[in-house]
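Asks: Fold the following and give me the result.
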Amino acid sequence: RIGGYFPNLYQIGELLFTGFQKNLRSTCTRVAVKDIAQVYFEFLAASRWIRHPQKTKEMKEKFMRLFVQYRDHWVDHIPFDYKADLASSIYFESGVKSKDVDLSIIMPTLNVADLLPSLLESMYKGLQKSPNLTFEVFAVDDGSSDGTQQILREFAAKHKDNFVLLSTSSGTTQLGAGRARNRAIPLVEGRYVYFVDTDDVYDFPALAKSVEVATKRKVDLLILPYKTEYVKLQGSKIEGMLSKDQRGWNRIWSSWWWPPTGQDARKSIALDLINYPWKQLTSSKLIRDADVFFGPTRVHNDVQFHWTSIVASRNLQFHNEVVCTHRKFDPAVRGQLTEVKSVARLTAIDAIGLTQRALARQGAFEEAGGDQTLKQWIHFVKDLVKWAADRVPDEWIPEYQDRSKRLMEAWKTEDPASLRTWPYWVNGLVESPIPSAKVKVE
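Replies: Next comes the predicted model:
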């Protein structure tokens, strides 16, 4: 949990140094930059205490590398002639060296003991076929009770150099895949981040090639196609992408369309694709700079990551190589959260509101193309509200209809300019949380 300290340190630096960079012509401001920079770096150095509670030598070392990484990043943002004067504040832990990592994989787990061994084996064998690729893997367990944790502990013991085992809690309380992924995001050292769902199948050599492509093109988002496997008791069948996504992908690669002209066109196509995070390879720099995370809700938490990462990207490109085969299980074979009919679906409204607030913070509706982004966002929300309604238990439908109605009415009555600081919680769009005992999804 203490790893969440790092994005806070980064955002403080963003507010301080980026703002002052715009006004360095002012003598007063230049003096302020020097003084504030000294205080910030002293605070950064003092914050190193958070490494002490870490239980392993490897994690303590990772924390120190992250401190040095953050320090070096903000040192580059202060005027050169100040660096000598600030040397005593800046150059702490001079013996710590950064670790060159190409790829960080984040994998939430929950009761997947039957799937884990083959997934981990294919992951390491597949990635190690690229000898020049350096990678690290984060497994974040969300309260498994079936032997998953034991498998992960044993694997972590054998791969201490690049496998990190985390958990969302000390017991079997489940917080959801979004919070599990968020636990690992602040700790990544890879230039690119890829999110793995344990019930899907992956071509890891193709993932390694995608990292190489992204690195060469210097992209901050590389969008990838996928396949869909329908698993039933009688057997399985593999097809292409879901029909809506396939139509969008065909537009991308048709001779008259490719390449889309400008980032706005590319973002528009990407936003229409499925929300799942395994469809993209994301720059860790983009995640830090734009403060990109998953939503905190049990379901629909990937909506926030999908929209905020794509809208914030500055160099989004497509790469026509399948990495993930997404598996859709018949309920008789395996339960999946996506298809569960539960009161938890009411939190779709929370997910929408939180995502809209995050987009507003980014200035997504004010930048060039903001009108189109808002139009596309509202269209997406209407589709999601309709889709989730079919998965709400009958006794909760009136509550769901009331919440979704107030959401739609907010767009009609709110001044468009207020979207930048959309007061989602203040207005009480969702007046009370659903009792936690009723939210649990089996």
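Asks: I'd say Leu120 and Glu154 touch.
Replies: No: with contacts defined as Cβ atoms under 8 Å, Leu120 does not count as touching Glu154, sitting 10.2 Å away. (Each C-beta comes from the backbone N, C-alpha and C, glycine too.)
Asks: more neighbours, these two?
Replies: With neighbours defined as other Cβ atoms under 10 Å, Leu120 and Glu154 compare such that Leu120 has more, 19 against 12.
Asks: how far away is that one from Lys158?
Replies: According to Cβ to Cβ, to the nearest Å, Leu120 and Lys158 sit 10 Å apart.
Asks: go on, Ala410?
Replies: 52 Å.
Asks: what about these two, which has more around it?
Replies: Neighbour totals were compared for Ala410 and Lys158, and Ala410 leads with 17 against 9 (other Cβ under 10 Å).
Asks: check which helix or strand covers that one.
Replies: Assignment of secondary structure by DSSP states H and E places Ala410 within helix 397-413.
Asks: and that helix, how far out from the chain's middle?
Replies: Centre-to-centre, helix 397-413 and its host chain are 27 Å apart (Cα atoms, centre = their mean, to the nearest Å).
Asks: Return the set of buried residues in that helix.
Replies: The neighbour-count criterion (16 or more other Cβ atoms under 10 Å) identifies 400, 403-404, 407, 410 as the buried residues of helix 397-413.
Asks: Quick check: the farthest pair among those?
Replies: Spanning the widest gap among the buried residues of helix 397-413 are Tyr400 and Ala410, at 15.9 Å by Cβ to Cβ.
Asks: got the buried residues for stretch 66-77?
Replies: Within stretch 66-77, the residues that qualify as buried are 66-71, 74-75, counting by 16+ other Cβ under 10 Å.
Asks: Go through those and flag which are in helices.
Replies: 66-71, 74-75 (DSSP state H).
Asks: Strands of the stretch 151-300 of the chain, residue ranges please.
Replies: Ranges of strands in the stretch 151-300 of the chain, per DSSP state E, counting those that start in this stretch, are 163-167, 190-195, 201-202, 221-223, 226-232, 235-239, 280-283.
Asks: So which other helices or strands are in contact with the longest one?
Replies: Meaning strand 226-232. Using 3 or more Cβ pairs under 8 Å, 6 or more residues apart in numbering; DSSP states H and E, the elements in contact with strand 226-232 are strand 235-239, strand 324-329.
Asks: What of the second one?
Replies: Helices and strands touching strand 190-195, by 3+ Cβ pairs under 8 Å, 6+ apart, are strand 101-109, helix 204-217, strand 280-283, helix 284-289.
Asks: again, 6 Å this time
Replies: Applying 3 or more Cβ pairs under 6 Å, 6 or more residues apart in numbering; DSSP states H and E, one finds that strand 190-195 contacts strand 101-109, strand 280-283.
Asks: so where is the chain shaky, pLDDT-wise?
Replies: Applying pLDDT under 70 to the chain flags residues 1, 19-31, 80-81, 170-172, 254-261, 336-340, 412-442.
Asks: go again using 80 as the cut-off
Replies: Low-confidence segments of the chain (pLDDT under 80): 1, 17-34, 77-95, 169-173, 253-261, 334-341, 366-370, 407-442.
Asks: quick one, helices of the stretch 251-400 of the chain?
Replies: Secondary structure of the stretch 251-400 of the chain (DSSP state H, counting those that start in this stretch): helices at 263-271, 284-289, 302-312, 347-362, 370-389, 397-413.
Asks: if you compare those, which one is most tucked away?
Replies: Of all the helices of the stretch 251-400 of the chain, helix 302-312 has the most neighbours on average by mean count of other Cβ atoms under 10 Å, namely a mean of 24.
Asks: That helix vs strand 190-195, what angle?
Replies: On the basis of axes from the mean of the first three to the mean of the last three Cα atoms, to 10 degrees, helix 302-312 is oriented at 140 degrees to strand 190-195.
Asks: For helix 302-312, output the C-alpha coordinates as CSV.
Replies: Output of helix 302-312 as CSV, limited to C-alpha atoms (Å, rounded to 0.1, in the frame of the first residue of the first chain):
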residue,chain,number,x,y,z
ASP,A,302,-11.4,-0.8,-16.7
VAL,A,303,-13.6,2.0,-18.1
GLN,A,304,-11.5,4.7,-16.4
PHE,A,305,-8.2,3.2,-17.5
HIS,A,306,-9.4,2.8,-21.1
TRP,A,307,-10.7,6.3,-21.5
THR,A,308,-8.0,8.3,-19.6
SER,A,309,-5.1,6.5,-21.1
ILE,A,310,-6.3,6.9,-24.7
VAL,A,311,-7.4,10.5,-24.3
ALA,A,312,-4.1,11.5,-22.7
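Asks: start to end distance for stretch 183-198?
Replies: Chord length of stretch 183-198, first to last residue, is 17 Å (Cα to Cα, to the nearest Å).
Asks: Please shift the residue numbers so they start at 340 in all later answers.
Replies: Sure thing, new numbering starts at 340, so read that last one as stretch 522-537.
Asks: Let me see the residues that make contact with that stretch.
Replies: 342-343, 345-346, 438, 440-446, 448, 451, 454, 458, 477, 479, 505, 550, 553, 616-617, 620-623 (Cβ atoms under 6 Å, 6 or more residues apart in numbering).
Asks: Could you check how many residues crowd around Glu551?
Replies: Here the number of neighbours of Glu551 (other Cβ under 10 Å) works out to 14.
Asks: do the same with the one 10 residues further on
Replies: Neighbouring residues of Leu561 were enumerated by other Cβ under 10 Å; the total is 26.
Asks: Hmm, Ala553 and it touching each other?
Replies: Yes: Leu561 is within contact range of Ala553, at 4.4 Å (criterion: Cβ atoms under 6 Å).
Asks: what do those two both touch?
Replies: Residues touching both Leu561 and Ala553 by Cβ under 6 Å, 6+ apart: Leu620.
Asks: closest to His665 out of the strands of the stretch 490-639 of the chain?
Replies: Distance to His665, taken as Cβ to Cβ, is lowest for strand 565-571 among the strands of the stretch 490-639 of the chain, at 5.3 Å.
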